[in-house]
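In: this one's structure only:
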Ligand code: NDP
């Protein structure tokens, strides 16, 4: 089968299409024929070596497809089932072995592309807005990278919860998308100082929560956007990792809270995974949540997908089709 393998870590140029044997499911696993694979920033971190895994490996943490075969101990899934998953490495390929514990049945009315687009970024937006800091009417949230894959979904879920949303984007075109997703206030942070703008918009009060996935270039000012006892949710580092910082800042800025969450901790049990995935996929099916699948690349063009994602020209979701 064809697969995008990482044989050495580095820039997008390390990504190459290889011919490898179809993997066989071990105990607890299913073999899935991949119909669509999601591209996510976490794939960049693994490719770069920022997140460690033994080399060589097939990249990709998210996909949707049809079960081809299952290990003897699997009874919940059978060949022919339409499934989606995230959190298991190896989806940039024609076939992937996936732990059955990660698989979710795709409900009626959802295509493979929609399922692959919704799982990782959708469940991330879901836990951020509903569990990490459960947004409520009266809350104001600052969401960075509002036109990104997670960003467009997080804006929509924050609005469903009744919160007021301020978001940052780099271009006027991205501002339009964030507005269409429901953002109340949009800051073009390439032209405006987002800290000063957030203070102005909130009449110097600050926001209840900042959802910051940009990291290195936004972290310090994001902390200053918070009201006393506000919560900093640092959930990514698209601009680079945040260097170590002195906890006394949390006191000086008004008894702030900070967390660095990951999706895995918010889908720890089968019950939690199923309830988040099910809510997201049903919202997609009934139109409550709008997915923006911005670009669909053939599997062989994974390198270009990464170059595009990292150069900040993309919006919404990117998919690879084997
Ligand atoms: P996005 O589609 O949001 O793409 C990243 C965006 O970040 C860019 O489009 C850009 O938006 C902004 N950005 C700002 N500075 C930079 C920079 N120097 N380089 C690249 N991008 C920059 O990606 P995803 O939706 O896939 O992921 C968003 C973030 O969420 C990532 O950091 C990812 O790691 C994190 N994440 C975390 C999870 C968790 O559970 N902790 C799970 C899923 C994702 P603009 O042009 O508007 O500045």
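Out: Thanks, I have it. A quick note: this is a predicted structure, and the numbers were derived from the prediction, not measured.
In: gap between the two ends of stretch 235-244?
Out: From its first residue to its last, stretch 235-244 covers 15 Å (C-alpha to C-alpha, to the nearest Å).
In: anything in it near the ligand?
Out: Yes. Shown here: stretch 235-244 in contact with the ligand (C-beta under 6 Å from any ligand atom) through 235-239. (Glycine included, C-beta is placed from N, CA and C.)
In: show me what counts as buried in that stretch.
Out: 235-239, 242 (16 or more other C-beta atoms under 10 Å).
In: what does stretch 10-27 rub up against?
Out: By C-beta atoms under 8 Å, 6 or more residues apart in numbering, the residues outside stretch 10-27 that reach it are 1-8, 31, 47-49, 58-59, 69-74, 90, 93-97, 299-300, 302-304, 306-307, 310.
In: next one: it to chain centre, how far?
Out: 22 Å (C-alpha atoms, centre = their mean, to the nearest Å).
In: just the terminal-to-terminal distance for that stretch.
Out: End-to-end for stretch 10-27, by C-alpha to C-alpha: 32 Å.
In: that stretch: which residues count as buried?
Out: Result for stretch 10-27 [16+ other C-beta under 10 Å]: buried residues 12, 14-15, 17, 23, 25.
In: closest one of the residues you listed to residue 192?
Out: When those are ranked by distance to residue 192 (C-beta to C-beta), residue 12 comes first, at 30.4 Å.
In: quick one: is whatever helix or strand residue 320 lives in near the ligand?
Out: Element membership for residue 320 (DSSP states H and E) is strand 317-321. No. Strand 317-321 stays clear of the ligand (C-beta under 6 Å from any ligand atom), getting no nearer than 7.8 Å.
In: could you spell out the sheet neighbours of that strand, each with its direction?
Out: strand 29-39 (antiparallel), strand 293-298 (parallel) (DSSP bridges).
In: residues in this structure within reach of the ligand, list them.
Out: The chain comes close to the ligand at residues 40-42, 120-121, 124, 145, 147-151, 169-170, 174, 213-214, 217, 235-239, 261-263, 309-310, 312, 314, as judged by C-beta under 6 Å from any ligand atom.
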